[in-house]
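> got a structure for you, letters missing:
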């Protein structure tokens, strides 16, 4: 449902549209000749694939906000269309997140399942922890520590509190990930 209306509501109860704009949707349809919707692992190029829908197994991860399919906020959006991009480097993989609405831990677990247990070398992108509780942040840090990443680069929707805690927890591996940042990886 990529072209479906999507809304976010704030604590005051007002909503704003956050879905794809009509002009972007038209450009995608026009320029690509169509849109392929996938729910499972989908190879995009050799060694690069989209995860498909990510199972939600952790009790502490949620979508990270109040998301709806209507402006009135009567139809919750479960964000089942949340996916991530995986770059296979051979013996390890790099994980690129959009907003990780399924949870970064759920995403890591799903990627390990899809790759037969290959280690995730880097996690780059939005972790959607802006409204996360202290408990969720601490559980996420523990699971990221278990992952033994080489690079952790939280981006746009990670919030303010979580990145500060991530910088404290992972000073050796954390990197900035703003527009224009370049990461280079060699096949292993």
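Yep, that arrived. Owing to the predicted nature of the structure, the values given are computational and were not obtained by experimental measurement.
> where does the chain have low pLDDT?
1-2, 32-34 (pLDDT under 70).
> which stretches of it form strands?
Here the chain has its strands, by DSSP state E, at 7-9, 15-17, 42-45, 48-50, 67-68, 84-88, 93-97, 120-125, 151-154.
> for the first one, packing partners?
If I follow you right, that is strand 7-9. Identification of packing neighbours for strand 7-9 by 3 or more CB pairs under 8 Å, 6 or more residues apart in numbering; DSSP states H and E yields strand 15-17, strand 67-68. C-beta coordinates here come from the backbone N, C-alpha and C atoms, glycine included.
> for that strand, which outside residues touch it?
15-19, 65-71, 73, 77 (CB atoms under 8 Å, 6 or more residues apart in numbering).
> now the second one
Contacting residues not belonging to strand 15-17 are listed as 5-10, 68, 71-73 [CB under 8 Å, 6+ apart].
> mind running it again at 10 Å?
With contact meaning CB atoms under 10 Å, 6 or more residues apart in numbering, strand 15-17 is reached by 5-10, 66-68, 70-73.
> and what of the last one?
Counting by CB under 10 Å, 6+ apart, the neighbours of strand 151-154 from elsewhere in the structure are 94, 96-97, 100, 104, 120-129, 144, 162-163, 166-167, 169-170, 172-178, 181, 183, 185.
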